[in-house]
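Enquirer: this one's sequence-less:
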């Protein structure tokens, strides 16, 4: 019945003392004439008695210990935050240095690969005629302006000059100009003597 | 609950320690009733006050400090119970010993059994029962702590008691004829 459902909802509040006078009267009147709800109310009362709080024994020193433990944990948290404050930038710097280092290393390796290339003239010709070679020194060597790269660039230029001179018969006029730009005075004189016999 | 006025004791160690001293029994008691063991209750109490310390600058004093601390504690407790439920579901914890024992009749006055049965209630009902029956808060205070209306708190309490009764009946613990 609908009224029984409503009374069932009120019974826990009846025993917990949370009903007003009118509501209490309503429940009591209904229980007088309804054995089902009376049975329900008795079992609810027993259950609510079981739910009454039991004393939780707390050691008298617990409060003081708790304060110390909380302060220790807060101290630990502060130390960890402080550590992170230094660690994060330090770690980021290391990662950045590794990235830059790897970048430099890969550029050096590329330069060495060029020097060790067996088909230097073909490579040189390809790059010269594609317009890449003349820009290579600006792009590659200006980015990483180190002595090592200067040395590699100079070494490369000399190798290319030597290769062109050795195969001068088939090299185009522009290549002679590029090649002679890196020669010392003595090498240039010797080069002029060598090409005297050539007809351009 | 007595009103307390407080000016961010997070910046003042002594004021914060006083706050812990004044409230620790209620919070520790709440957790003991929720989770049972001293170690877990102690850990949750510490976590609650650490959260209180960290959140004090954000406390807008719209409610009393006690209500606010209760609210933090309730959230901590509910999160803990959810984690434990997940652990149980994943088989990381032993299954409910009462269910395993296969007893048809159990001692209804067993506080652990009572705690386990309460833990089976929906979270809001669970909290209302603990706060009303164990912590003896008024429905007005419960409404403030759980951020609900007083009427909603009362409805949750009634439903919780009915559900508890039903659960006990299913477990073979009868409250009839008592």
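Expert: Sure thing, it's come through. Predicted model only: the values in this text are computed from it and were never measured.
Enquirer: going forward, measure contacts between C-alpha atoms and count neighbours the same way
Expert: Fine.
Enquirer: per-domain residue ranges of the chain.
Expert: Picking chain A for this. Following automatic domain parsing, one gets these domains for chain A: A:2-50, A:117-200.
Enquirer: my bad, the chain I had in mind was chain B
Expert: Split by automatic domain parsing, chain B gives B:9-93, B:101-178.
Enquirer: for those, which one sits closest to chain A?
Expert: domain B:101-178 (4.5 Å; CA to the nearest CA).
Enquirer: same question for the closest one, mean pLDDT?
Expert: Across domain B:101-178, the average pLDDT comes to 81.
Enquirer: Any idea how far that domain is from the middle of the chain?
Expert: 11 Å (CA atoms, centre = their mean, to the nearest Å).
Enquirer: looking at the domains of chain A, which has the lowest confidence?
Expert: Among those, domain A:117-200 scores lowest, with a mean of 62.
Enquirer: quick one: is the lengthiest helix in chain B near chain A?
Expert: As assigned by DSSP state H, the longest helix anywhere in chain B is helix B:65-89. No: using CA under 8 Å from any CA of the partner chain, helix B:65-89 never reaches chain A; the gap is at least 14.9 Å.
Enquirer: which secondary structure elements does that helix contact?
Expert: Judged by 3 or more CA pairs under 8 Å, 6 or more residues apart in numbering or on different chains; DSSP states H and E, helix B:65-89 is in contact with helix B:13-35, helix B:38-55, helix B:139-146.
Enquirer: nearest to residue A:78, of these?
Expert: helix B:38-55 (11.3 Å; CA to CA).
Enquirer: what's the least confident stretch among the helices and strands packed on helix B:65-89?
Expert: For these, where the average pLDDT is lowest is helix B:13-35, sitting at a mean of 88.
Enquirer: Give the buried residues for that helix.
Expert: Residues of helix B:13-35 classed as buried under the neighbour-count rule (16 or more other CA atoms under 10 Å in any protein chain shown) are B:16-17, B:19-20, B:23-25, B:27-35.
Enquirer: Residue B:129 reaches residue B:157, doesn't it?
Expert: Yes: using CA atoms under 8 Å, residue B:129 makes contact with residue B:157 at a distance of 6.0 Å.
Enquirer: Tell me the predicted confidence for residue 96.
Expert: Since you didn't name a chain, this refers to chain A. pLDDT, residue A:96: 92.
Enquirer: wait, chain B
Expert: Residue B:96 is given a pLDDT of 43.
Enquirer: Around chain B, pick out the residues from chain A.
Expert: Near chain B, when you scan chain A using CA under 8 Å from any CA, you find A:9-13, A:39-40, A:42-44, A:46-48, A:50-54, A:56, A:58, A:63-64, A:66-67, A:69-70, A:74.
Enquirer: List only buried entries from the residues you listed.
Expert: A:9-13, A:40, A:42-44, A:47-48, A:50-51, A:63, A:66-67, A:70.
Enquirer: So what does residue B:63 have for phi and psi?
Expert: Main-chain dihedrals, residue B:63, degrees, to the nearest 10: phi -130, psi 180.
Enquirer: same check, this time on residue A:54
Expert: Per-residue torsions, residue A:54: phi -100, psi 150 (degrees, to the nearest 10).
Enquirer: For it, give its distance to residue B:115.
Expert: 12 Å (CA to CA, to the nearest Å).
Enquirer: for residue B:56, same thing?
Expert: On the measure of CA to CA, residue B:56 and residue B:115 end up 32 Å apart.
Enquirer: Output the contacting helices and strands for the helix or strand hosting residue A:77.
Expert: When elements are assigned from DSSP states H and E, residue A:77 belongs to helix A:62-115. Helices and strands touching helix A:62-115, by 3+ CA pairs under 8 Å, 6+ apart, are helix A:147-166, helix B:13-35, helix B:38-55.
Enquirer: and if we set it to 10 Å?
Expert: Helix A:62-115 is packed against helix A:120-129, helix A:147-166, helix B:13-35, helix B:38-55, with contacts defined by 3 or more CA pairs under 10 Å, 6 or more residues apart in numbering or on different chains; DSSP states H and E.
Enquirer: Turn the domains of chain B into a markdown table, columns for distance to residue A:95.
Expert: Output for the domains of chain B, formatted as a markdown table (distance: least, CA to CA, whole Å):
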| stretch | distance to residue A:95 |
| --- | --- |
| domain B:9-93 | 32 |
| domain B:101-178 | 47 |
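Enquirer: what about stretch B:151-168 and chain A, touching?
Expert: Yes: Stretch B:151-168 comes into contact with chain A (CA under 10 Å from any CA of the partner chain), by way of B:154-162, B:164-165, B:168.
Enquirer: Check what pLDDT residue 61 gets.
Expert: If you meant another chain, say so; for now it's chain A. Residue A:61 is given a pLDDT of 88.
Enquirer: looking at chain B here, not the other one
Expert: Value for residue B:61, per-residue pLDDT: 78.
Enquirer: Which residues does stretch B:32-41 contact?
Expert: Contacts to stretch B:32-41, defined as CA atoms under 10 Å, 6 or more residues apart in numbering or on different chains, come from residues A:53-54, A:56-58, B:26-31, B:42, B:44-47, B:74, B:77-78, B:80-81, B:84, B:111-112, B:114-116, B:118-119, B:126-127, B:130-131, B:134-135.
Enquirer: hang on, the earlier thing: columns distance to residue A:79 on top of the helices and strands packed on helix B:65-89, output as JSON lines?
Expert: Shown next, in JSON lines, are the helices and strands packed on helix B:65-89 (distance: least, CA to CA, whole Å):
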{"stretch": "helix B:13-35", "distance to residue A:79": "17"}
{"stretch": "helix B:38-55", "distance to residue A:79": "15"}
{"stretch": "helix B:139-146", "distance to residue A:79": "33"}
